[in-house]
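Peer 1: any chance you can model this:
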Amino acid sequence: MEPTTATEFTQVFRDVLNYPIFTLGARVLTLALIGKFFLLFGGVILMVRVVTRIFLARALSRTSMDPSLQFATIKIAGYCLIVLGGYVALNLVGVELSSLAVLAGAVGVGLGFGLQNITNNFICGIIILAERPVKLGDRVEVANVAGRVTRISLRSTTVVTNDNIAIIVPNSDFITQTVTNWSHGDPRVRIRIPFGVAYGTDTDKLTTVLMEIAANDPQVLKTPEPALFFDGFGDSSLNFELAVWTQELASSPRRFRSQINFAIDRALRAHGIEIPFPQRDLHIRSGTLQVKQKPDLDASA
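Peer 2: Sure thing, here's the model as predicted:
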């Protein structure tokens, strides 16, 4: 009885695996073929990870290629290998691509209507990896998000702010919106810090003080040289603008601005240079101005 039962169980298992589920072109798909396809495709994904992360990454790391370009190359090569592996897996299970034309058309219609945002982000991700307007490590500002790029995938890009908050930004925002990339090309940028001093201030002395502030800050570049601009005559102050070059805007822009502002405030106080408050002068051209004093409630009591 036991051998018969085992044989019957094996026969039932084979019948289940070979049971026709649906027909794709001239090929009848069974559970066995579907399982074989997924097993082959899983092996392809595993092989792609080994090739890209071990062999390709090590080979590119020994070249003088930019790290962001290495990352883009690895990503694109990985996706190409997955597509090629899927094609090979389909051929091994006997499915011809011509038989998938109707299915591909239906999927295309679904992508066009229901998955258009995902498709848009996917295509934008390929553009970002190919053209590299944004690279790993760049400091960017897009869609009211400012931070450093830590990961670029085909659907989204991860931006980490100075508060260590990871924000997932869709790739389409980097293509359709205006992006400020502080690290693109030359990392040196010029920052302008406006401030005002009281009328009557010795401007030559002020220039000397501000140039000393710029010279003593280790994060201010010596070349190009810093400059002090006389911006104009304000209502209550002489308006100036200190312009300095730095590379810190790629890492800590707010801290750098605050540091310069503190230095300006300390220097102006030390040299007796006044930062005025807004003020207005009232002139009475005719008539008299009567000033009424409030009655003293304690005295009347």
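Peer 1: how close does residue 290 get to residue 283?
Peer 2: Distance, residue 290 to residue 283, by C-beta to C-beta, to the nearest Å: 17 Å. Quick note: C-beta positions are derived from backbone N, CA and C, even for glycine.
Peer 1: which SS class is residue 193?
Peer 2: Recorded secondary structure, residue 193: strand (DSSP: H, G, I helix; E, B strand; the rest coil).
Peer 1: chain neighbours aside, what residue packs nearest to it?
Peer 2: Using C-beta to C-beta, 6 or more residues apart in numbering and skipping residues adjacent in sequence, the residue nearest residue 193 is residue 242, 4.7 Å away.
Peer 1: residue contacts, the one you found?
Peer 2: Going by C-beta atoms under 8 Å, 6 or more residues apart in numbering, residue 242 touches 192-193, 195, 210, 213-214, 226-229, 260, 264.
Peer 1: switch to 10 Å and redo it
Peer 2: Counting by C-beta atoms under 10 Å, 6 or more residues apart in numbering, residue 242 touches 191-195, 210-211, 213-214, 220, 226-229, 260-261, 263-264.
Peer 1: weed out the non-buried ones from the residues you listed.
Peer 2: Neighbour-count burial (16 or more other C-beta atoms under 10 Å) applied to the contacts of residue 242 gives 191, 193, 195, 210, 213-214, 220, 226-228, 260, 263-264.
Peer 1: got these as CSV, with distance to residue 145 columns?
Peer 2: Formatted as CSV, the buried ones among the contacts of residue 242 follow (distance: C-beta to C-beta, whole Å):
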residue, distance to residue 145
191, 20
193, 24
195, 29
210, 33
213, 32
214, 31
220, 27
226, 30
227, 32
228, 33
260, 25
263, 29
264, 29
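Peer 1: residue 275: which of these is nearest?
Peer 2: residue 195 (7.0 Å; C-beta to C-beta).
Peer 1: fine by me, thanks again.
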